[in-house]
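Please work out how this folds:
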Amino acid sequence: MFTDMIKIVGIALSGSVAALILKETKPAFSLCVSIVTATVIFYMIVRDITYVFDLIGMLSARLELNTDYIGTILRIIGIAYITHFGSALCEDAGQKMIAQNIELAGKLLIVVSSIPIITAILNLLIGILPTS
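Okay, here's the model as predicted:
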């Protein structure tokens with residue numbers, strides 16, 4: 001884990017320096033370097049995230065938890081990470097309006113994805129509340 005972080009920081013610094021150098025002479029290439037650097041770092045992180053998701057899935061199977069809810073929560077976390085990544089890339093490219101639309105779409109997808117959990121919680125509360 002420590003060495004992975006060193007690699008990530010090294011890639012980030014190299015990409016940042018290269019993007020800064022290119023920004024003066026070739027702004028389009030500077031943007032490409034930034035996008036490639038961010039994508040490489042994102043890929044490195046996704047490998048670790050999939051390990052965490054697999055571990056959570058294994059633990060939920062052992063504990064006989066409802067995997068539908070855990071899957072939904074993991075999907076929501078994934079949507080949040082991808083939304084942030086895409087929005088940051090667009091903002092770095094100077095496309096603030098597109099970045100805001102990505103954020104809006106991510107928020108809406110999170111709300112829609114959470115409906116089964118919200119419904120289950122409301123049904124549980126309705127079952128607990130005394131009827132008059």
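
Name the helix or strand for the spatially most central residue of the chain, please.
Nearest to the geometric centre of the chain sits residue 81, at 1.0 Å (CA atoms, centre = their mean). Residue 81 belongs to helix 67-92 when elements are defined using DSSP states H and E.

Not counting sequence-adjacent ones, nearest residue to the residue nearest to the centre of the chain?
Counting by CB to CB, 6 or more residues apart in numbering, residue 81 lies nearest to residue 49, which is 7.3 Å off, once chain neighbours are set aside. Where you see a C-beta, it was placed from the backbone N, CA and C, and this is true even at glycine.

Just want the angle from the helix-or-strand element of the chain with minimal mean pLDDT to helix 67-92.
Sorting the helices and strands of the chain by mean pLDDT, DSSP states H and E puts helix 27-62 at the bottom, at a mean of 84. Here the directions of helix 27-62 and helix 67-92 differ by 170 degrees (axes from the mean of the first three to the mean of the last three CA atoms, to 10 degrees).

how far out from the middle of the chain is helix 27-62?
8 Å (CA atoms, centre = their mean, to the nearest Å).

Past the helix holding residue 81, which element shows up next along the chain?
helix 96-128.

Let me see the mean pLDDT of that next one.
The average pLDDT for helix 96-128 rounds to 93.

So for it, what gets flagged as buried?
99, 102-103, 106, 109, 113 (16 or more other CB atoms under 10 Å).

same question, stretch 79-98
79, 83, 85-87, 89-91.
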